[in-house]
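Asks: pasted the sequence and its predicted model underneath.
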Amino acid sequence: MGVVVELTIRDPPLFSEVFRAVPDTTATIENFHHFSDGPSEHYAFFWWVEGSDLEEFERRLREYQHVCEIRELATVDDGDSTG
């Protein structure tokens, strides 16, 4: 049996500095995995990220102390055909 849970974390321990720096960015976690690499433990998050300054968001993530690596897996066009 599976359980679906929606949960809100106040004062989140991870990424709060990044989201404060780029406040119009939203992220939806699609999936995440926990794995061990010898003595180290890691999490890999798979996010859909939206916002007006995704380059700044990515820069902030790369500088964030707990992030080891970032890879863009897909880009979705928002369908805005103005211009």
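Replies: Cool, got the structure. Numbers count the residues shown, from 1 in each chain.
Asks: all the strands of this protein, in order from the start?
Replies: 26-37, 40-50 (DSSP state E).
Asks: winner for burial among these?
Replies: Most buried of those, by mean neighbour count (mean count of other CB atoms under 10 Å): strand 40-50, with a mean of 12. For glycine as for every other residue, the C-beta is placed from the backbone atoms N, C-alpha and C.
Asks: parallel or antiparallel, which strands does that strand pair with?
Replies: Applying DSSP bridges, strand 40-50 is found paired with strand 26-37 (antiparallel).
Asks: what bits of the chain have low per-residue confidence?
Replies: Counting by pLDDT under 70, the chain has low-confidence residues at 78-83.
Asks: regarding it, what is its longest helix?
Replies: helix 54-63 (DSSP state H).
Asks: how about that helix: buried residues?
Replies: Under the neighbour-count criterion of 16 or more other CB atoms under 10 Å, helix 54-63 has F57, E58, R60, L61 buried.
Asks: can you redo the residues you listed as CSV with distance to V49?
Replies: Converted to CSV, the buried residues of helix 54-63 look like this (distance: CB to CB, whole Å):
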residue, distance to V49
F57, 6
E58, 8
R60, 12
L61, 9
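Asks: identify the farthest-apart pair in those residues.
Replies: E58 and R60 (7.3 Å; CB to CB).
Asks: what do the two both touch?
Replies: Common neighbours of E58 and R60 (criterion: CB atoms under 8 Å, 6 or more residues apart in numbering): none identified.
Asks: how far away is the nearest residue to L14 once chain neighbours are set aside from G51?
Replies: Excluding the flanking residues, the one nearest L14 by CB to CB, 6 or more residues apart in numbering is H66, at 6.3 Å. Counting by CB to CB, to the nearest Å, the gap from H66 to G51 is 20 Å.
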